[in-house]
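S.K.: Could you work out the structure for the sequence below:
(one chain, ligands or ions: 1)
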Amino acid sequence: MTAALESLMLPKAHTFAVAEHGAFIDGAETGVNEHAIDTLDPATGQVITRVADTDATAVDRAVQSAGKAFEGEWGSMLPARREALLHRLADLIEENAAELAQYDALEGGKPLSYVESVDLPLAVEQFRYYAGWPTKIQGATVPVSTPDTHVYTRKVPLGVVAAITPWNFPLCQAAIKLAPALAAGNTVVLKPSELTSLSSLRLAQLAIEAGLPAGTVNVVTGAGAGTGQALVSHPQVAKISFTGSEATGRHLGASAGRSLKHISLELGGKNPHVIFADADIAKAAAYAATTAYFYSGQVCFSGSRLMVERSAVDEVLAAVREHADALVLGHGLDRATTMGPLSSAAHRDKVERYLETVAGTGGTVAFGGNRTGESGYFLEPTAVLNPSDADPVVAEEIFGPVLVIQPFDSAEELVPRANSGKYGLTAGVWTNDVRKAHTVARQLQAGTVWVNTYADYNAAAPFGGFKASGFGKDCGPEGLEKYLETQTVWMSLA
Ligand code: NAD
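M.R.: Okay, here's the model as predicted:
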């Protein structure tokens, strides 16, 4: 690996990043196998290291290990002890935050300062929030109309959870799955994206350091079609907790249906971000630009479909452009960087294809749209003005730095258009009219609606999509509930 990379990283992080890694099974890393996958630095296109493409035999060992921990030490641990260990893991993430942040900035191409200020605190918050739950998980007594009978319910964990995460928030997504699954008493086999394995592997080490029994958290690295498929097909996996694309979600949903496994799906979005002319336009436009280009638009809740009341379009476009012009594109580990590359060459090609067809459907590329940088997968921040609702740039999740801007003339016209897409993850509404804010917010078909703000996220607030954005909420009590099932006990007192 280049000396340049070494100079950008903490010595400990650099050593871990460039070492070859195998899966993490039963408390220790296995070696790299002959089918190892290269992981690339998306800012340079250079190979960072190789990680094991874990095969079905090793996946089986990981699931067996998780099953043993579930039947054994973790499954029988007293709730207060489980709480203490999850808090200890949160402490260790905080203590190692600088190191962990570098892995996601390197492999994901994300600006380090954002990873430090967004991803790491969110990951810690997940463990802290759910660490509070084990001593509060309880059933109920049930007032059945049967004489001389006592009925009560128990909340019980499911068993081994297959947690599958995407590349855009590797550590954060691992935490969003591990914290509630473990708090509920399950054990986990985590499969991170093959593009971004490092922070998940390091998290598994920290789980052991925190005192979680071996096998409670396992990590199988590798590709989706091989490692991922072997994991979700394993008969001993009780639940699939998936975050990723709609296409993979549909495939896993069908497979879980056939095998009757529990499944929750956190999928993509094409999120209407609405600005009415009576809003604080400067503030709304600043949020619109920030949430469109944050992590190069590679965010499920990106406000990527900006719908602006016609009289405010010019002002909003000018403000968005000013924000875009000020972005500094560069390596995620370079502290000057405010926007990184796209995740891979193939992904950049896909984003560019959307821009090629836009002129044919009435839209124009208002600015951006070009490759930039001497190496890596950079694309300029881009805005597409006035495409038709049917254009793929409006209907589909592009997952790149492409903001679509569409004018509208009234709330009555806006709502059905905003709801016309297949997704329903998030939406935003900017207006100073309280009645309009509440009316439009409740009419929008989205799992989360932000009013006069955008992209707020907290472990206590349920987050998850409607329609093709999936089902099963993260965060809050709902985020715990999906890792539990209810057992009903009937006792005769006769
Ligand atoms: P992806 O679907 O390509 O991959 C996600 C994960 O699934 C990866 O670990 C991959 O290896 C694995 N996978 C792929 N095929 C599999 C199979 N057959 N069996 C088992 N596992 C398989 O998605 P991605 O490109 O990594 O992530 C981007 C997507 O994630 C976007 O659509 C984004 O909107 C979505 N996302 C959603 C949320 C949310 O909370 N709703 C959060 C982050 C990202």
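
S.K.: Contacts only, for the closest residue to I25 other than its chain neighbours.
M.R.: Among residues not flanking I25 along the chain, A62 sits closest, at 4.7 Å (C-beta to C-beta, 6 or more residues apart in numbering). Backbone N, C-alpha and C define where each C-beta goes, glycine included. Listed by C-beta atoms under 8 Å, 6 or more residues apart in numbering, the contact partners of A62 are A23, I25, D26, T54, V189, N218, V219, V220, L231.

S.K.: Apply 6 Å and report the result again.
M.R.: With contact taken as C-beta atoms under 6 Å, 6 or more residues apart in numbering, A62 is in contact with I25, V189, N218, V220.

S.K.: Isn't the last one up against T54?
M.R.: Yes: checked against C-beta atoms under 6 Å, the pair V220 and T54 is within contact range at 4.2 Å.

S.K.: Mind listing the shared neighbours of the two?
M.R.: With C-beta under 6 Å, 6+ apart as the test, V220 and T54 both reach A23, T227.

S.K.: what sits up against the worst-scoring helix or strand of the chain on mean pLDDT?
M.R.: Least confident helix or strand of the chain, by mean pLDDT, DSSP states H and E, is helix 3-8 with a mean of 86. Applying C-beta under 6 Å, 6+ apart, the external contacts of helix 3-8 come out as H14, L333.

S.K.: One more pass at 8 Å, please.
M.R.: H14, A17, V18, D41, I48, L106, H331, L333, D334.

S.K.: Farthest pair within the residues you listed?
M.R.: Spatial extent of the contacts of helix 3-8 (C-beta to C-beta) is set by the pair V18 and D334 at 18.2 Å.

S.K.: For the ligand, see how far away the residue nearest to I25 is.
M.R.: As judged by C-beta to the nearest ligand atom, to the nearest Å, A62 and the ligand stand 14 Å apart.

S.K.: quick one: average pLDDT of stretch 36-47?
M.R.: The average pLDDT within stretch 36-47 is 96.

S.K.: now stretch 428-438
M.R.: Mean predicted confidence for stretch 428-438 is 98.

S.K.: What is the end-to-end distance of it?
M.R.: Distance between the two ends of stretch 428-438: 12 Å, counting by C-alpha to C-alpha, to the nearest Å.

S.K.: thinking again about what came up before, check which helices and strands whichever helix or strand comes after the least confident helix or strand of the chain is in contact with.
M.R.: Going down the chain from helix 3-8, the next helix or strand is helix 11-18, by DSSP states H and E. Using 3 or more C-beta pairs under 8 Å, 6 or more residues apart in numbering; DSSP states H and E, the elements in contact with helix 11-18 are helix 3-8, strand 47-51, helix 97-108, helix 198-210.

S.K.: Could you list the residues of this protein in contact with the ligand?
M.R.: 164-169, 191, 193-194, 223-225, 228-229, 232, 243-245, 248, 251-252, 266-269, 300, 397, 399, 425, 465 (C-beta under 6 Å from any ligand atom).

S.K.: Type out the PyMOL command that picks the buried ones from these.
M.R.: Here is the PyMOL command that picks out the buried ones among the residues of the chain next to the ligand, judged by 16 or more other C-beta atoms under 10 Å:
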select buried, resi 164+165+166+167+168+169+191+193+194+224+228+229+232+243+244+245+248+251+252+266+267+268+269+300+397+399+425+465
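
S.K.: Just the ones of the residues of the chain next to the ligand in helices?
M.R.: Q229, V232, T248, H251, L252 (DSSP state H).

S.K.: Save the residues you listed as a markdown table, and put in pLDDT too.
M.R.: Converted to a markdown table, these look like this (pLDDT from 0 to 100):
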| residue | pLDDT |
| --- | --- |
| Q229 | 98 |
| V232 | 98 |
| T248 | 98 |
| H251 | 98 |
| L252 | 98 |
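
S.K.: for those residues, which one is nearest the ligand?
M.R.: Closest approach between those and the ligand, by C-beta to the nearest ligand atom: T248, at 3.2 Å.

S.K.: how close does the closest one sit to E107?
M.R.: 19 Å (C-beta to C-beta, to the nearest Å).
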